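1. sequence first, predicted coordinates after that:
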Amino acid sequence: MIGRAWLPPLVTGVFLRVVAALAGYGYFASDDYTHVLGMAATWLDDPTAPFNSEIRSPLLARIVWLCFVAARLLFGGDPVAHVHVAYLVLGLFNAAAIPAVYKLTERRFGQHAALSAAWLMSAEALLPRIATRALISVVAMVPLAWGTVFADRDGNRPLRDGVIAGLLLGLAAMFRFQVGLVCVTVALLLAWRDRRRLAGLSVGGAMAAAAQLGIDRFSSVAGYLGFNAVAGGSERYGTSPWFTYALDFVALTLPPLTIWLAKPLWKAAKGHLMVSIPFAVFVIAHSLVGHKEEHFIFAVLPYFFVLLGAALVDAPRRARLSYWVLNCVVLALVTVSDGHRSLTRPIVEASRDGGFQRLYFVGKLLTPDMYAGRDLELRRVANLGELVEQMSGETALKVRIIFEKPPEPDVAQALERAGFGCTALEVSRGDLVDRILVAVNPANRRRGEKTVIDCWR
């Protein structure tokens with residue numbers, strides 16, 4: 001059983017991911033809806049439709065589309081069922097990183113540290129939830145972790161191991177182009193210590209590059225590089241201080257426990273350069289880019305868990321116990337959470353009701369029309385005046401209206417003057433996690449409460 005000490009974390013991780021996949025159907029960020037879920041839903045009706053981004057890989061969207069195709073065969077046209085199937089598949093795939101993290105840690109730090117790291121990959125508070133969402137960075141975790149295992153392992157077949165490492169790291173970069181920084185860094189480390197493994201890595205990397213060439217002839221890679229090479233390219237979506245990601249990783253150490261974990265973390269970083277150097281390069285490079293979102297750095301969480309797992313074993317017992325207790329409290333809360341429910345729930349309810357012909361969204365936010373299914377039309381309008389203008393010519397119509405911001409006090413009267421009868425205004429709120437996030441950052445309108453009213457003529 002010693003050789004499979006990672007099995008309990010793996011079983012637990014699978015269970016938690018199944019719970020997270022079935023607990024909700026919302027998305028994590030606008031990227032995973034627009035360029036994965038929404039695109040996969042579009043391909044259900046037209047598999048030949050062009051991918052909606054010139055700077056992203058269509059690979060994950062195609063995988064989710066295949067999940068949607070299978071879900072439609074099993075469960076019909078319910079978009080929620082489609083999402084649950086895709087989230088289950090993604091979560092189970094992510095669980096494969098748990099034994100990889102164990103093996104990557106054990107070689108340098110021993111079994112106790114490896115178990116600690118495996119449990120982090122299994123049940124760190126964020127993992128079950130983000131592992132079951134359609135995020136390219138999270139999907140890249142598995143080939144990244146296993147690729148590094150083969151790049152770092154001992155053995156009498158360095159050339160074979162290098163080929164496997166190159167293929168896996170190349171696959172990770174196909175999902176998330178920025179992982180190419182890790183591939184280059186690993187190659188440089190191997191050039192210093194193992195030339196035969198480097199040769200294999202080059203062959204495997206070339207094979208992965210050929211696969212990318214077959215997907216889109218590198219047009220998305222070129223588009224991504226060109227987009228970010230232009231001054232202000234990604235920064236048009238907002239900027240954050242250079243130390244933002246450093247604070248994110250500090251938060252994962254659950255301050256104030258950081259005080260007791262900082263020194264063991266530094267010791268672990270010096271003891272596993274094949275993990276710490278690629279990790280540092282990836283985070284520093286992303287810190288130099290003005291536009292930052294937390295999910296951009298999810299791909300290297302397995303590296304961080306290797307270091308944190310070793311640090312927890314080396315930390316004082318009280319600090320270690322406190323970490324796991326606090327983590328379990330947050331884990332229980334986050335695993336069953338469901339992002340953006342204030343918006344997705346009224347859309348899904350209207351779709352399942354069957355009596356609505358149309359759904360209007362008043363505002364500028366993303367409108368996730370996939371959740372409306374195929375029979376309910378979703379339209380977005382800028383304001384109440386445009387809404388009334390569009391609805392005034394309709395007859396025999398029942399609609400649901402969702403307001404991004406609290407509407408004008410006389411909204412019901414305005415709709416009644418247009419000839420509609422309406423229900424009272426209702427507030428649709430997000431789950432507890434979204435409410436906490438909005439309380440911390442009131443400018444987060446995407447997760448904030450929405451106002452709903454149903455009208456008919």
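-> Okay, I see it. Numbering: from 1, shown residues only.

2. do you know the pLDDT at the nearest residue to Met370 once chain neighbours are set aside?
-> Distance criterion Cβ to Cβ, 6 or more residues apart in numbering; nearest residue to Met370, sequence neighbours excluded, is Ala41 at 4.1 Å. C-beta coordinates here come from the backbone N, C-alpha and C atoms, glycine included. Looking at Ala41, its pLDDT is 96.

3. and Ala41, helix, strand or coil?
-> Following DSSP: H, G, I helix; E, B strand; the rest coil, the label given to Ala41 is helix.

4. residues near it, how many?
-> Residues contacting Ala41 under the criterion other Cβ atoms under 10 Å number 23.

5. which residues touch it?
-> By Cβ atoms under 8 Å, 6 or more residues apart in numbering, Ala41 lies in contact with 68, 79, 82, 370.

6. quick one: which of those residues has the most company?
-> Highest neighbour count within the contacts of Ala41: His82, with 29 neighbours (other Cβ under 10 Å).

7. quick check, Arg379 in a helix?
-> No: Arg379 is assigned strand when assessed by three-state DSSP, not a helix.

8. quick revisit: in CSV, list the contacts of Ala41 along with secondary structure and distance to Asp353.
-> CSV is the format used below for the contacts of Ala41 (DSSP: H, G, I helix; E, B strand; the rest coil; distance: Cβ to Cβ, whole Å):
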residue, secondary structure, distance to Asp353
Phe68, helix, 23
Pro79, helix, 14
His82, helix, 19
Met370, helix, 17
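
9. how about Pro442, phi and psi?
-> Dihedral angles of Pro442 (phi, psi; degrees, to the nearest 10) stand at phi -60, psi -20.

10. what about it, neighbour count?
-> Applying other Cβ under 10 Å, we find 8 residues neighbouring Pro442.

11. can you report how many residues lie near the spatially closest residue to it that is not a sequence neighbour?
-> Sequence neighbours aside, Gly448 is the residue nearest to Pro442 in space, at 7.9 Å (criterion: Cβ to Cβ, 6+ apart). Around Gly448 there are 21 other residues, counting by other Cβ under 10 Å.

12. helix or strand with the lowest mean pLDDT in this structure?
-> Lowest by mean pLDDT, DSSP states H and E among the helices and strands of the chain is helix 219-229, with a mean of 75.

13. can you name the next helix or strand after the helix or strand encompassing Leu159?
-> Of the helices and strands defined by DSSP states H and E, Leu159 is found in helix 158-175. Remark: after helix 158-175, the chain's next helix or strand is helix 180-193, criterion DSSP H and E.

14. report the buried residues of that next one.
-> Buried residues in helix 180-193, counted by 16 or more other Cβ atoms under 10 Å: 180-183, 185-187, 189-190.

15. helices or strands up against it?
-> For helix 180-193, the elements it packs on are helix 141-152, helix 158-175, helix 195-216, helix 273-287, judged by 3 or more Cβ pairs under 8 Å, 6 or more residues apart in numbering; DSSP states H and E.

16. the ones you listed: lowest mean pLDDT?
-> Among the helices and strands packed on helix 180-193, helix 195-216 carries the lowest mean pLDDT, at a mean of 91.

17. and that helix, what other elements does it pack with?
-> helix 158-175, helix 180-193.

18. okay, those helices in a markdown table with distance to Leu307 next?
-> Listed next are the helices and strands packed on helix 195-216 as a markdown table, based on distance: least, Cβ to Cβ, whole Å:
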| stretch | distance to Leu307 |
| --- | --- |
| helix 158-175 | 19 |
| helix 180-193 | 15 |
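
19. follow-up on the earlier one: ok, the contacts of Ala41 vs Ala208, which is closest?
-> Using Cβ to Cβ, Phe68 is the member of the contacts of Ala41 that sits closest to Ala208, with 25.9 Å.

20. quick check: the gap between the closest one and Met39.
-> The gap separating Phe68 from Met39 is 10 Å, by Cβ to Cβ, to the nearest Å.

21. Val163 now?
-> 32 Å.

22. all set, thanks.
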